[in-house]
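Q: what's the 3D shape of this:
(one chain, ligands or ions: 2)
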Amino acid sequence: MQITEILVRYGELSTKGKNRKFFIKKLHRNVRTHLRQFNTVKISSNRDRMHIDLNEEDADAVMAELKDVFGIQSFSPVVKVEKTLEEAKKAVVHLVKQQFTENMTFKIMTRRADHDFKYDTNEMNRLLGTEVEKAVQPVSVKMKNPDVTVRVEVRKDGIFISVDTLSGAGGLPVGTSGKGMLMLSGGIDSPVAGYLSMKRGMSIEAVHFHSPPYTSPQALKKAKDLTAKIARFGGDVTFLEVPFTEIQEEIKKVIPEAYSMTITRRMMLRLTDAIRGHRNGLAIINGESLGQVASQTLESMTAINEVTNTPVLRPLISMDKNDIIKIAQDIDTFDLAVQPYEDCCTVFAPSRPKTKPRLHKVRELEEELDIEGMMQRALDGIVDTVIGKHSDSEQSNEDAFDSLF
Ligand code: ATP
Ligand code: MG
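A: Ligands and ions are numbered 1, 2, ... in the order given. This next block holds a predicted model:
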């Protein structure tokens, strides 16, 4: 018996009132993007559900893709049969047998879109239920929380039956919450922060600072590979690599070590904010978690954050490292992130950074720097790459970015 269709149930977007149409449209588009390798599938959405007509495409492969689409609460593989009671009985028995466990409980839930069909929903429930009890044993009917729920839908063009409900990724469709610039290092945390923002409907662009020759080509590749990993959830992600060598060398030269970390981070945040402005982002996202390192105390965050009024979202702020690692493993970024290529923060890290930097001191020290000039040169040197989930960063197409600045 062949699966002909996947029935998709929307997540939280069902409660979004007037925005509902917008959410459904976006989800529709995102599903289409995720399934673009399957040429013949046909997607149709209505207020309550989405139907994916497989047109002979492989159901398991399509469902594996759907698992990564935010905004989907659950989905079910559906078998379509001719619109007769006999065909429905055969299919229901076959499908329940596939799920069979000793003494399992089940119920039949019929919906009828075609009211001309000979039997009403109660009759269908009874007739099909009796057939299952006869043909599959030992089983029993249970209305509340049965092991298996058989969903039967009588529509104009056939009867659609499903027994299996798989959970979707949850969240909101990517692109429904605006765009944020993700500050992406090569570490464990920032890819997880990006993933969580996409889960709440943001689309992201990745901003990565690198300092050749102090940081290696492998460190850059690692950041791009991490971007490819999270592109799995939101389609292509623009990766913006910002040359940071001059700024780090200058800071090392003129700023006392205790304050170099704070000022380095302020420069990163200023630059990210400038890029955000040019690219119409609404927020900045980073992977900070309270108390994890010296730059992540509230005093440090206050001193660093002072350079912008743009919302800086920190999805990991209250999470323990173990919880973050667990998500990194689930989304397959962990193994990459722990590869030993160091990013610019690690290479230039002072041995004893201030955990409670004083703002007036920071401002005074920054007067020694040509902030505007250094920023402009960094912005002029940005290279952007569009990274998809299958991108091999070695081969990606890099374009100079100068037209924008
Ligand atoms: P991560 O695992 O994300 O590197 P971390 O715990 O190592 O985080 P830091 O290295 O202090 O913490 O960085 C804090 C945050 O600053 C990162 O999560 C990231 O958002 C941003 N960040 C750090 N280094 C870079 C970089 N080279 N390019 C872009 N963003 C960076
Ligand atoms: Mg780091």
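Q: of all residues in the stretch 101-250 of the chain, which one is closest to ligand 1?
A: G187 (2.1 Å; Cβ to the nearest ligand atom). Glycine gets a C-beta too; all of them are placed from N, C-alpha and C.
Q: measure the nearest residue to that residue once chain neighbours are set aside to ligand 1 for me?
A: The shortest distance from G187 to any non-neighbouring residue, by Cβ to Cβ, 6 or more residues apart in numbering, is to A337 (5.7 Å). Separation of A337 from ligand 1 (Cβ to the nearest ligand atom, to the nearest Å): 7 Å.
Q: on that earlier part again, tell me which element the residue of the stretch 101-250 of the chain closest to ligand 1 is part of?
A: Take DSSP states H and E as the rule and G187 turns out to sit in neither a helix nor a strand.
Q: these two touch, right, the residue nearest to G187 and P191?
A: Yes - assessed by Cβ atoms under 8 Å, A337 is found in contact with P191 at 6.6 Å.
Q: for the residue of the stretch 101-250 of the chain closest to ligand 1, what are its contacts?
A: When contacts are counted by Cβ atoms under 8 Å, 6 or more residues apart in numbering, G187 touches 287, 337, 343.
Q: also R358?
A: Contacts of R358 by Cβ under 8 Å, 6+ apart are A303.
Q: when you give positions from now on, start the count at 4
A: Sounds good: first residue 4 from here, last item R361.
Q: so what pLDDT did it get?
A: For R361, the pLDDT comes out at 94.
Q: kindly list the main-chain dihedrals of V82?
A: With angles defined as degrees, to the nearest 10, V82 sits at phi -100, psi 130.
Q: out of A340 and P194, which sits in the busier spot?
A: P194 (30 against 21; other Cβ atoms under 10 Å).
Q: now E244: how far from I307?
A: E244 sits 21 Å away from I307, going by Cβ to Cβ, to the nearest Å.
Q: state the distance from the residue of the chain found nearest ligand 2 to A331.
A: Residue of the chain nearest ligand 2, by Cβ to the ion: G190 (3.4 Å). Distance of G190 to A331, given as Cβ to Cβ: 10 Å.
Q: who touches both of the two?
A: A340.
Q: got the phi and psi for the spatially closest residue to M107 that is not a sequence neighbour?
A: With sequence-adjacent residues excluded and distances taken as Cβ to Cβ, 6+ apart, M107 is closest to D150, at 4.4 Å. Phi and psi for D150, reported as degrees, to the nearest 10, are phi -70, psi -40.
Q: pretty sure D150 contacts F103?
A: No - the pair D150 / F103 is not scored as a contact, 9.7 Å apart, by Cβ under 8 Å.
Q: find residues that contact each of A340 and P194.
A: Each of 229, 331 lies in contact with both A340 and P194 under the rule Cβ under 8 Å, 6+ apart.
Q: how long is stretch 254-267 from one end to the other?
A: 7 Å (Cα to Cα, to the nearest Å).
Q: what residues of it count as buried?
A: Across stretch 254-267, burial judged by 16 or more other Cβ atoms under 10 Å covers 254, 258, 262-267.
Q: now swap in stretch 304-317 and tell me
A: Buried residues in stretch 304-317, counted by 16+ other Cβ under 10 Å: 304, 306-308, 310-311, 313, 315-317.
Q: try stretch 148-161
A: 149, 151-157, 161.
Q: need those residues in a markdown table with secondary structure, pLDDT and distance to F109, can you?
A: Below are these laid out as a markdown table (DSSP: H, G, I helix; E, B strand; the rest coil; pLDDT from 0 to 100; distance: Cβ to Cβ, whole Å):
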| residue | secondary structure | pLDDT | distance to F109 |
| --- | --- | --- | --- |
| P149 | coil | 95 | 5 |
| V151 | strand | 94 | 4 |
| T152 | strand | 94 | 7 |
| V153 | strand | 96 | 6 |
| R154 | strand | 95 | 11 |
| V155 | strand | 96 | 12 |
| E156 | strand | 93 | 17 |
| V157 | strand | 96 | 19 |
| G161 | strand | 93 | 22 |
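Q: right, I'll call it a day here.
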